[in-house]
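Pasting the sequence and the predicted coordinates here, then a few questions.
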Protein chains: 2
Amino acid sequence: MLKTMIEMDKAADILKLLGNETRLTMLKILDDHDCCVCEFVEIFQASQPSISQHIRKLRDIGLVKEERRGQWIFYSINKDSEFYPFILQLLNLLPQQNEKLKELEEKGTRIKC
Amino acid sequence: MLKTMIEMDKAADILKLLGNETRLTMLKILDDHDCCVCEFVEIFQASQPSISQHIRKLRDIGLVKEERRGQWIFYSINKDSEFYPFILQLLNLLPQQNEKLKELEEKGTRIKC
DNA sequence: TAAGTATATAACAATATACTTATATGCACA
DNA sequence: TGTGCATATAAGTATATTGTTATATACTTA
């Protein structure tokens, strides 16, 4: 039985973090697929440091975890987070963001990583 | 059939707004009871302008509505908001905040308004 | 080992946020 | 009509956030 309940202060912290379209979309994408920074850079048409800093915030609070694969670092949702059940419910209220990854695949940019 | 789905940019705007413990708790309380500013001032032990400003943000985005009753202005959740279904799902993931109002009732402060 | 790629981090600047204090508005009631 | 109470708003300030540029780190491969 998953514990979806969460204290108010923790909830507010998490909502503040997700109250940014880039981070929110990142997390929604990570809900389906692992991704590396360069993919997010493509998807959001943002600078690499900007993406890194957004990911760092998600990582600092424990929502995502990283795994180095050679030259790349892949990020994924941390299902062990105490907040994961809460996050999952939240993400389920949001529209799929698959098409963003599909675009990359069509351009061949996803395979690159 | 309620439409709980929401665009990402709108969702991010709302989550940012709720990413503040005071506003999040306010909304959770309003989910059960109408409240006036002076009650929130008591509950959060905050200044009146501070509370007014938080409420204003919730009102500006259409999540709460106001209704003057004599000297007081009562706030309630705006169930006509296009975001209401989303908000409702979100609030359901949070713990009840009833005890905060109960405290006021015990002190007699709630009846005052 | 040198060069290239992916990523992180530091330092800084612009902007946003969340308080504070002071003041205005609107209603009630004597 | 004047006073008091509830609330809103304006202005100012401290702090947080988010991006930028520059640089560091870590791995890969020639």
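Okay, I see it.

and residue A:58, how far is that from residue B:42?
For residue A:58, the distance to residue B:42 (Cβ to Cβ, to the nearest Å) stands at 36 Å. In short, each C-beta sits where N, CA and C put it, glycine included.

so where do the strands sit in chain A?
A:35-36, A:64-69, A:72-77 (DSSP state E).

from memory residue A:5 sits against residue B:92, does it?
No: Residue A:5 lies out of contact with residue B:92 (Cβ atoms under 8 Å); the separation is 9.9 Å.

Run through chain A and note the low-pLDDT ranges.
By pLDDT under 70, the low-scoring segments of chain A are A:1-3, A:108-113.

Around DNA strand D, pick out the residues from it.
Residues of chain A that fall close to DNA strand D, judged by Cβ under 7 Å from any atom of the strand: A:16, A:19-20, A:22, A:46-47, A:49-50, A:53-54, A:57, A:68, A:70-71.

Which of those are buried? Put it as a PyMOL command.
Restricted to buried positions by 16 or more other Cβ atoms under 10 Å in any protein chain shown, the PyMOL selection for the residues of chain A next to DNA strand D reads:
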select buried, chain A and resi 16+19+20+22+54
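
interface residues of chain A facing DNA strand C?
Going by Cβ under 7 Å from any atom of the strand, the residues of chain A near DNA strand C are A:36-38, A:41, A:48-49, A:52-53, A:55-56, A:66, A:71-74, A:112-113.

Would you mind finding the longest helix in chain A?
Criterion DSSP state H: the longest helix present in chain A is helix A:48-60.

And that helix, what does it pack against?
Helix A:48-60 is packed against helix A:21-30, helix A:37-44, strand A:64-69, strand A:72-77, with contacts defined by 3 or more Cβ pairs under 8 Å, 6 or more residues apart in numbering or on different chains; DSSP states H and E.

winner for burial among these?
Comparing the helices and strands packed on helix A:48-60 by mean neighbour count (mean count of other Cβ atoms under 10 Å in any protein chain shown), helix A:21-30 comes out on top with a mean of 21.

May I have that helix as CSV, with CA atoms only?
The C-alpha trace of helix A:21-30 is given here as CSV (Å, rounded to 0.1, in the frame of the first residue of the first chain):
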residue,chain,number,x,y,z
GLU,A,21,7.3,24.4,-16.9
THR,A,22,10.7,23.1,-17.7
ARG,A,23,11.1,21.0,-14.6
LEU,A,24,7.5,19.8,-14.7
THR,A,25,7.8,18.7,-18.2
MET,A,26,11.2,17.0,-17.5
LEU,A,27,9.7,15.0,-14.7
LYS,A,28,6.7,14.0,-16.9
ILE,A,29,9.1,12.8,-19.6
LEU,A,30,11.2,11.0,-17.1
